[in-house]
Structures are given as structure tokens and as C-alpha cells.
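Visitor: missing the sequence, but the structure's below:
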């Protein structure tokens, strides 16, 4: 009997993070930390922002002056590009910060398209860049009777990561 000729074995290496796996959060965070470690000396402002002003894969940062914000933007672009990570979904409360960026990289085509009904949302906080206003959305059903259970349910539904709603929620917690 003749033996069949089999093709040679090929080895493949996965070079992306597969989301949904148990190790994905660790791998993505460690990759960004390693990028800051490797390239942070070339882009110090960006490395600080990437380390301290990031929530999962969103960078939420800024500056007090336009010149500093433009410098931070360029450093972030270059740092992330050094790791092979193009930044997208740019949004700003100053139109000059969006100048020079490709429209495909922006969250919205223009700053004007934002309205009170359609703000930028992150971590339960709404931001209208046109007016530079922050807001927390809390929906309540006013038709239900006020009870301890209802107050607890309403308190549990308020996502308050920065503690801005503490003066309001504190009153409800004291009531409970």
C-alpha cells in the first residue's frame, strides 16, 4: 500500500486580542502599559494621559490651554501610532483641536451636530462639547408610590463614577 502524501504542517500565530476571552482585558491593558514603558520617554505627556486618563479603551483627557491640548493630541497620535493603534472617535469642545484630523477619525463630522438630545456619553456622564456642559441622566418613574424599596431601586440605578451626584444621592441615602 502506498502511503498518502500529506501537506506539511503549518503553524499560525494569533497577533490580535480576541475580545470576549478571559485574558482580553489583561492583554489590552498590559499592551498599553508596555507601550508607555517603551515609548513614553519620547511622548511624556501622552504617556501620562494614557496611564491616568483612560477608561478601558477610551482616553478622556484635556488641557487648560489650546497650545497644550494640541501638543497632547499630537503626542497621543504619535505614541499610539508607534504601537500600531490608530486613534478614532475624536471629540473636543474646541474646533481647532479637530482640525487636521481625517473626518473618519472623528466621532461626529462637525461640532455642531451635538445637541442636548444627542450628547457624547461615557461612564454614565453626558457631555455636550458645543456648550461644554456635563450632565447625569437619571430616569425616574414619578407615577409609583415612594417607598423604601423604590428609593433603593432608584439609588441603585444611578451610575455615579465621579461622585458628582453625591449631594443628591446622599439625601436619598439619609432618607433610607
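Guide: Thanks, I have it. The structure displayed is predicted, hence computed values, not measured ones.
Visitor: What residues are bridge-paired with the most centrally placed residue in the chain?
Guide: With distances taken as C-alpha atoms, centre = their mean, residue 58 lies nearest the centre of the chain, 2.3 Å away. Under DSSP bridges, the beta-bridge partners of residue 58 are residue 55.
Visitor: Quick one: name whatever helix or strand follows the helix or strand of the chain with the lowest mean pLDDT.
Guide: Least confident element among the helices and strands of the chain, by mean pLDDT, DSSP states H and E: strand 120-122 (a mean of 71). Sequence order places strand 125-128 as the next helix or strand after strand 120-122, per DSSP states H and E.
Visitor: Tell me the strands beside whichever helix or strand comes after that next one, with direction?
Guide: Toward the C-terminus, strand 125-128 is succeeded by strand 133-136 as the next helix or strand (DSSP H and E). According to DSSP bridges, strand 133-136 forms sheet pairs with strand 125-128 (antiparallel).
Visitor: For the partner strand, buried residues please.
Guide: Within strand 125-128, the residues that count as buried by 16 or more other C-beta atoms under 10 Å are 125, 127-128. Every C-beta, even on glycine, is put in place using the N, C-alpha and C of the backbone.
Visitor: What does the pLDDT read for residue 23?
Guide: On pLDDT, residue 23 comes in at 88.
Visitor: and the gap between it and residue 37?
Guide: Using C-beta to C-beta, to the nearest Å, we find residue 23 at a distance of 20 Å from residue 37.
Visitor: residue ranges with poor pLDDT in this structure?
Guide: For the chain, the stretches with pLDDT under 70 are 1-3, 109-118, 122-124, 137-142.
Visitor: what's near enough to touch residue 136?
Guide: 124-126, 158, 160, 164-165 (C-beta atoms under 8 Å, 6 or more residues apart in numbering).
Visitor: could you check the distance from it over to residue 55?
Guide: Taking C-beta to C-beta as the measure, residue 136 falls 16 Å from residue 55.
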